[in-house]
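Asks: mind looking at a prediction? Sequence and model below.
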There are 2 protein chains.
Amino acid sequence: MYVTAPGEFPVPVSLRSRKTKHDENFKVHDLKQDQHLFREGDDAKHIYEIVSGVLRLTRVLENGRRQVIAFGFPGDFVGFPCCGLHHTECDAITPARVVYHRREALEDGAVNPELHAVLLQAALREIRAMQDHFMMLGCKSAREKTASFLSVLAQRTGTKLGAYTEIKLPMSRSDIADFLGLTTETVCRTISQLRSAKVIALEDPHVIVVLKPEALLALAESD
Amino acid sequence: MYVTAPGEFPVPVSLRSRKTKHDENFKVHDLKQDQHLFREGDDAKHIYEIVSGVLRLTRVLENGRRQVIAFGFPGDFVGFPCCGLHHTECDAITPARVVYHRREALEDGAVNPELHAVLLQAALREIRAMQDHFMMLGCKSAREKTASFLSVLAQRTGTKLGAYTEIKLPMSRSDIADFLGLTTETVCRTISQLRSAKVIALEDPHVIVVLKPEALLALAESD
DNA sequence: CGGGACTTTGACACCTCTCAACTCTCGTGG
DNA sequence: CCACGAGAGTTGAGAGGTGTCAAAGTCCCG
């Protein structure tokens, strides 16, 4: 998941079973919290489709600085290989279930044409979503980034509570910070500001209620 | 082109003609400077392979802020579609020549298997390169960004002058700034600092000589 | 020769980072 | 049962990097 334009979220595997029925190597795997799915430099044997739970894709520089490339939510695909290798770390920040798809299904259209098409479209959506995320990292202020992040999360994973929307944040403040190109302190402060402005409320640090969705969206794109 | 790890640059079409000989829709097109190749929202009929010249991929937010997604150099592919549409602007910052590849060649493996594989690998490299660029935008300071940018450009397009390397910068300062998530003024100042430190020299604003490549690389990754 | 776009430099403001302290929760062990 | 420590989150003070605004310089081209 990137902070991307709304309205084009992927369809979980469960909703398009017809498309995957021909995958003879269809295989489900469960991950415990904090368990790794793959690491940077690993041979890429599979592409993974997330059924449930939340994954985290990260890269680290030599000097230790870390970037969270993306969060993987149900319906997302992770692990697109380059030159046969994974180039990010991937681990589960909640218990999670993924479907394995053989890399050959992506790279060779003859193996399983239907699955091939699904994986290819997922890769193209990935490119599009990463372009969206460039706008975040390159153009936006801390407040805009944080508001965008919460706004997208509300639309993608929020649960309605009457006029409000409740967001469960499975990731830590420092995950959010490394995703948005900020520090944990700045993320905390910005969330506190949004709370002071009555745009959101905090049930606890990992459960946020969006009180004014339209105000949140406005802050996400304000000049 | 993103500011990416060195040593894995694409191979220009001219060097792998065998791989494209089966593309029955192989078509060359020339672009004048400042001419558009496609715009955001256009129907994506083709993917483009750059033969010569330099292209610029951009996105703009509602409030006018701009992000340069990538620069396209010879050997790069641009125009990967999502949902059949282009999601960036693309124009030529120098006179350029591109090869058209029909979108179907990417999306349907049966049309031309060899070309399909080439385009697919290009898309996967694109994902990898964008991940690299996230590190730039999210983790690095202005000096590190600028040094990285010049360093990569030197390796990718530089011409050797004895111990030195000359870089031609076809893009404006504001293009560089929008690519790196900075302002033109900051890019200028940072380049001036590098010049003061005798790491680079400026023949003119668009021709830079790298005097100390190892120092430039060190600045690109310094803590 | 003059106008315009681009580049460079300076002064200043302010946003974000850094460093630090405090709180809170939770799990461990005495 | 309580003490203790570890880790995450929050908040504050201060510094510094980068953005903003302004002006001058450079170059190209009409």
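Replies: Everything's here; your move.

Asks: how about low-confidence regions in chain A?
Replies: A:4-25 (pLDDT under 70).

Asks: walk me through the domains of it.
Replies: A:13-138, A:140-221 (automatic domain parsing).

Asks: gap between A:Ile167 and B:His36?
Replies: Distance of A:Ile167 to B:His36, computed by CB to CB, to the nearest Å: 40 Å. Where C-beta positions appear, they are placed from N, C-alpha and C, glycine not excepted.

Asks: who's more crowded, those two?
Replies: Ranked by neighbour count (other CB atoms under 10 Å in any protein chain shown), A:Ile167 and B:His36 place A:Ile167 first, with 22 against 12.

Asks: in terms of helices and strands, where is whatever residue of chain A ends up closest to DNA strand D?
Replies: Residue nearest to DNA strand D within chain A: A:Ser192 (3.1 Å; CB to the nearest atom of the strand). Assigned by DSSP states H and E, A:Ser192 belongs to helix A:184-196.

Asks: list the helices and strands that helix packs on?
Replies: helix A:142-157, helix A:173-180, strand A:200-204 (3 or more CB pairs under 8 Å, 6 or more residues apart in numbering or on different chains; DSSP states H and E).

Asks: helices of chain A, start to end?
Replies: For chain A, the helices defined by DSSP state H cover A:17-20, A:103-107, A:113-139, A:142-157, A:173-180, A:184-196, A:213-220.

Asks: close to DNA strand C: what parts of chain A are there?
Replies: Proximity of chain A to DNA strand C, by CB under 7 Å from any atom of the strand, involves residues A:Ser141, A:Ala142, A:Arg143, A:Gly181, A:Leu182, A:Thr183, A:Glu185, A:Thr186.

Asks: the fourth one - how many residues pack around it?
Replies: Applying other CB under 10 Å, we find 21 other residues in the vicinity of A:Gly181.

Asks: again with A:Ile127
Replies: 20.

Asks: do A:Asp42 as well
Replies: 18.

Asks: who touches it in this structure?
Replies: Contact analysis of A:Asp42 by CB atoms under 8 Å, 6 or more residues apart in numbering or on different chains lists A:Leu85, A:His86.

Asks: can you name the residue of chain A nearest chain B?
Replies: Chain A approaches chain B most closely through A:Gly109 (2.5 Å), counting by CB to the nearest CB.

Asks: what's the closest non-adjacent residue to that residue?
Replies: B:Gly109 (2.5 Å; CB to CB, 6 or more residues apart in numbering or on different chains).

Asks: what of A:Asp178?
Replies: Nearest non-adjacent residue to A:Asp178, counting by CB to CB, 6+ apart: A:Val68, 4.4 Å away.
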